[in-house]
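> got a sequence here, can you model it:
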Amino acid sequence: MPRRESAGLVMYRRRDGALEVLLAHPGGPFWQARDAGAWTIPKGGLDEGEAPLDAAIREFHEETGFDGCPPYVPLGQITQKSGKVVHAWAFDGTCDPAALVSVEATIEWPPRSGRHIAVPEVDRVQFFTIPAARSVINPAQAALLDRLVTLVGG
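Have a look, this model is predicted:
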């Protein structure tokens, strides 16, 4: 079985002296009422032969409508509970979360019903301080926050 991989970008900024990161909340009815552990860095799968950084830049734009801005600081990779490997980079930037524009995905809902609905891949984005981000991010991705703080300072 091939290794499942995805790649993403972490937009960070400083607001009133505090480091903040932009996190994404998955769209669709399964995630609608979930908060703690549901938020993620904007990320997605690699296309065949695609370099992870290229995939991260593409996926960030597809999921948020925002563009990344080099230089991209490598945060390495983590492995999520599902076994998926996530490659990540960070960049200094800002955006208006209300201007989110996400691509849509088609899912079967309810599961095994035969009905398909279109949902945004990301239904909202928000800037979080590092402590607040730790309380909502996918637990495996918290290591990316630690690496970011080490690289750019908390």
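> let me know whether His87 touches Glu5 as I believe.
Yes. Shown here, His87 and Glu5 form a contact pair, counting by C-beta atoms under 8 Å, at 6.9 Å. Placement of C-beta: from N, CA and C, glycine included.
> which one of those two has more residues nearby?
Summary of the neighbour comparison: His87 and Glu5, criterion other C-beta atoms under 10 Å, with His87 having more neighbours (20 against 17).
> quick one: contacts for that one?
Going by C-beta atoms under 8 Å, 6 or more residues apart in numbering, His87 touches 5-8, 52-53, 55-56, 76-77.
> what is the lengthiest helix in the chain packed up against?
Across the chain, the helix with the greatest residue count (assigned by DSSP state H) is helix 52-64. Helix 52-64 sits against strand 5-15, strand 18-26, strand 43-45, strand 85-92, strand 122-129, with contacts defined as 3 or more C-beta pairs under 8 Å, 6 or more residues apart in numbering; DSSP states H and E.
> is it possible to get a markdown table of those that adds mean pLDDT?
Formatted as a markdown table, the entries for these read as follows, by pLDDT from 0 to 100:
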| stretch | mean pLDDT |
| --- | --- |
| strand 5-15 | 97 |
| strand 18-26 | 98 |
| strand 43-45 | 96 |
| strand 85-92 | 98 |
| strand 122-129 | 98 |
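> need those strands in TSV (columns: distance to Ala99).
TSV is the format used below for the helices and strands packed on helix 52-64 (distance: least, C-beta to C-beta, whole Å):
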stretch	distance to Ala99
strand 5-15	13
strand 18-26	12
strand 43-45	20
strand 85-92	18
strand 122-129	9
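> so how far is Gly65 from the residue lying closest to Ile41 once chain neighbours are set aside?
Nearest non-adjacent residue to Ile41, counting by C-beta to C-beta, 6 or more residues apart in numbering: Gly8, 4.3 Å away. When C-beta to C-beta, to the nearest Å is the yardstick, Gly8 and Gly65 sit 15 Å from each other.
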